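S.K.: need the 3D shape of this:
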Amino acid sequence: MHTHPSPAISVRGLSKSFGRQSVLGGIDLEVAAGTTFSLLGPNGAGKTTMVRIMTTLSNADIGEVRIGGYDPVREADAVRGIIGVTGQFAAVDEILTGAENLRLVGRLLHLGAAETGRRASELLERFDLVAAADKRAGSYSGGMRRRLDLAMSLMGEPRIIFLDEPTTGLDPRSRRDLWDVIRGLVATGVTIFLTTQYLEEADQLADRIAVLDGGKIVAEGTPGELKQLVPGGHIQVAFTEQHDLRAAARAVPGSEADIDLLTLTVPSDGSVRDLRQLLDRFDDEAVTIGQLSIHTPDLDDVFFALTGSTARKATQR
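M.R.: Numbers count the residues shown, from 1 in each chain. Got it, this is the predicted structure:
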């Protein structure tokens, strides 16, 4: 149930081809205001094409798109007025300082000198760039440049932000810093549309995830719902004695025993109910267990199961 009556982003029947090659083939999705929605897919799945259409940079062949209620084709200026866009390649002018980059955006948005100054100072503070404000952006690290790029996209105080693979090429610490910034934005009511190839990123940040493969959405749901689509969850029990393992295997039909490792693998969704039932069976047979671990499918499992051939090709590159 959405707390907001109208979605921040609505896409219906979106299709786009380049020549004979279909890049997007009938996409439907909806993003509730004040949430993070992640579009997950391998290279070449059509993620950037979709962002370009939603941000007025490209037109769809067929379909209806609404961004904050506006049509990106007929009401492009209105859409540009409420969105911010950050890509995988920072749109920073390397010759200008951090502060000058922000002021330039303020001028382009006709904010006026006082408002430009106020917003620039606020964003430099928020993105931990105060010490580097008067240094040329060309001297910034990758993480700093990405933070400046995001700060620039926030000068217009957008309600909806498109982040197209924003952490590509960043080291793990810079990536986590950017995640914190993104969470902070959503906490203020901003809607985030995030494209990424990083499963952990989608898992960490997204309220809902759509998996795009070959120009089609092959699954959509919360991270938890997507993980339940894939078999492979199990409980692994380790024993110290062979007779305990044999008794346990008899007590649990459908389990797999490994005599050499003294382990029993039991298919399970990892729920407390499943675990309790298993332990009750062991109690009934007076089985003594050594260690127990629960394995639930992660988004990697989901991704490979759903995107099949495209994902395998991408990982072999």
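S.K.: all helices of this protein, in order?
M.R.: 47-54, 76-82, 98-108, 113-126, 142-153, 172-187, 199-205, 223-227, 242-251, 272-284, 299-316 (DSSP state H).
S.K.: tell me which of the ones you listed sits nearest to residue 6.
M.R.: helix 76-82 (13.1 Å; Cβ to Cβ). Just so you know, the C-beta spots here come from the backbone N, C-alpha and C atoms, and that holds for glycine as well.
S.K.: buried residues, that closest one. List them.
M.R.: 78, 79, 80, 82 (16 or more other Cβ atoms under 10 Å).
S.K.: how much space is there between the third one and residue 56?
M.R.: As for residue 80, its distance to residue 56 is 6 Å (criterion: Cβ to Cβ, to the nearest Å).
S.K.: that older thread, ranking the helices of the chain by mean pLDDT, which is last?
M.R.: When these are ranked by mean pLDDT, helix 299-316 comes last with a mean of 59.
S.K.: format the helices of the chain as a markdown table; extra columns: distance to residue 41.
M.R.: Output for those, formatted as a markdown table (distance: least, Cβ to Cβ, whole Å):
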| stretch | distance to residue 41 |
| --- | --- |
| helix 47-54 | 5 |
| helix 76-82 | 23 |
| helix 98-108 | 30 |
| helix 113-126 | 30 |
| helix 142-153 | 21 |
| helix 172-187 | 19 |
| helix 199-205 | 10 |
| helix 223-227 | 13 |
| helix 242-251 | 41 |
| helix 272-284 | 32 |
| helix 299-316 | 7 |
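S.K.: nearest approach to residue 290 belongs to which of the ones you listed?
M.R.: The minimum distance between residue 290 and these falls on helix 242-251, with 8.4 Å, by Cβ to Cβ.
S.K.: report the distance from that closest one to the chain centre.
M.R.: Its chain's C-alpha centre and that of helix 242-251 lie 43 Å apart, by Cα atoms, centre = their mean, to the nearest Å.
S.K.: before we move on, what about stretch 120-127?
M.R.: Using Cα atoms, centre = their mean, the offset of stretch 120-127 from its chain centre is 25 Å.
S.K.: start the count at 726, not 1, going forward
M.R.: All right, first residue 726 from here; so that's stretch 845-852.
S.K.: for that stretch, output the C-alpha coordinates as CSV.
M.R.: Output in CSV follows, covering the C-alpha atoms of stretch 845-852 (Å, rounded to 0.1, in the frame of the first residue of the first chain):
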residue,chain,number,x,y,z
ALA,A,845,26.3,25.8,-2.4
SER,A,846,27.5,26.2,1.2
GLU,A,847,24.8,23.8,2.5
LEU,A,848,25.7,21.1,0.0
LEU,A,849,29.5,21.5,0.5
GLU,A,850,28.8,20.9,4.2
ARG,A,851,26.4,18.0,3.7
PHE,A,852,28.8,16.2,1.3
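S.K.: what residues of it count as buried?
M.R.: For stretch 845-852, a neighbour-count test (16+ other Cβ under 10 Å) marks 845, 848, 849, 851, 852 as buried.
S.K.: thought the fourth one was touching residue 872?
M.R.: Same thing as residue 851. No: Residue 851 lies out of contact with residue 872 (Cβ atoms under 8 Å); the separation is 9.2 Å.
S.K.: which neighbours do the two share?
M.R.: Contact criterion Cβ atoms under 8 Å, 6 or more residues apart in numbering; residues shared by residue 851 and residue 872: residue 906.
S.K.: please name the bridge partners of residue 959.
M.R.: residue 992, residue 1020 (DSSP bridges).
S.K.: so who does residue 1019 touch?
M.R.: With contact taken as Cβ under 8 Å, 6+ apart, residue 1019 is in contact with 958, 959, 960, 993, 995, 1000.
S.K.: give me the buried entries from these.
M.R.: 958, 959, 960, 993.
S.K.: possible to save those residues as JSON lines with pLDDT and distance to residue 949?
M.R.: JSON lines is the format used below for these (pLDDT from 0 to 100; distance: Cβ to Cβ, whole Å):
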{"residue": "958", "pLDDT": "77", "distance to residue 949": "12"}
{"residue": "959", "pLDDT": "82", "distance to residue 949": "17"}
{"residue": "960", "pLDDT": "86", "distance to residue 949": "18"}
{"residue": "993", "pLDDT": "80", "distance to residue 949": "16"}
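S.K.: kind regards, and thank you for your time.
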